[in-house]
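Peer 1: Below are the sequence and a predicted model; questions follow.
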Amino acid sequence: MRVQKVFQKTLFGVFSLFVLISLSTSALCIYTVDTHLSTEYESNSRGIAKTVADASVDILLNRDLSALQSLIDQFIEIQGIGYIYITDEHGEFLAHTFVPGIPDQIGRSISSSDEAVERHIPGLGDFVEVSRPILAGFAGRVHIGMNTSLIALKVQRAVGQQVYLISLIFIVGILSAVWLVNLVAKPLASLLDYGARLARERDSSAPDNSLLARDDEIGQLANLFLYFSKVMDPRKGIGAPSSGTA
């Protein structure tokens, strides 16, 4: 399907517009889903940390560390939770879910703040860690790491589904644009051919009625071409009127 040169820039503009819409929509989707999931996961982690902290009070008072370990093992099965560990008021580990042992990144920088902390643990991935004090910190703290790779996976799925839809719209839109442009380009090509035929043959005795009968700009130009072909007819003299004069 050949596209006239005059419309090639138009199609390029339509193509660029579709690409811009696709990129901006995808970027907005990624930002929205990532922000929403990160906020939701962090909120859930803080809620779980509070639950564990409240349930740990009696266990810590009784110094029943096996029960404490059993408690946090129940919560590690929740989707998005990467690890849980509990420290005492001095920062010593009382229980944890790390296998086979505590990573160096955790041991070197135990957070004592309520603010979320981003961590990268080699072999495990990226996490956002939240913590909750037990008895206002006098009995230690509960720390929960949220696995951000799960968020990235969900973002990829959401964007992947969107890409399928955008690709379908893109293909249909481009084909529709080409078809609509050719609706205009086809009569324009016929007009160009008609004008060239008039100029070449100098013969207006057999006009193209399909073009002359049109009531749009193509028809007006066709009639204008026919008029000038009569006025410029060399058999009557250039610029001479079509009828004789005294």
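Peer 2: That came through, no problem.

Peer 1: what element comes up after whichever strand or helix holds Gly47 heading to the C-terminus?
Peer 2: With secondary structure defined by DSSP states H and E, Gly47 is part of helix 5-61. Using DSSP H and E, the helix or strand that directly follows helix 5-61 along the chain is helix 65-75.

Peer 1: Can you list the buried residues in that following helix?
Peer 2: Neighbour counts using 16 or more other C-beta atoms under 10 Å place 68, 71-72, 75 of helix 65-75 among the buried residues. Using the backbone N, CA and C atoms, a C-beta is placed for each residue, glycine as well.

Peer 1: same for whichever helix or strand comes after it, what does it pack against?
Peer 2: Next along the chain after helix 65-75, taking DSSP H and E as the criterion, comes strand 81-87. If you count contacts as 3 or more C-beta pairs under 8 Å, 6 or more residues apart in numbering; DSSP states H and E, strand 81-87 packs onto helix 5-61, helix 65-75, strand 93-96, strand 125-133, strand 141-147.

Peer 1: Nearest residue to the middle of this protein?
Peer 2: Nearest residue to the geometric centre of the chain (C-alpha atoms, centre = their mean): Ser26, 0.5 Å.

Peer 1: tell me the contacts of the nearest residue to that one once chain neighbours are set aside?
Peer 2: The shortest distance from Ser26 to any non-neighbouring residue, by C-beta to C-beta, 6 or more residues apart in numbering, is to Val159 (5.9 Å). By C-beta atoms under 8 Å, 6 or more residues apart in numbering, the residues touching Val159 are 26, 29-30, 33.

Peer 1: Apply 6 Å and report the result again.
Peer 2: Listed by C-beta atoms under 6 Å, 6 or more residues apart in numbering, the contact set of Val159 reads 26, 29-30.

Peer 1: Good, wrapping up.
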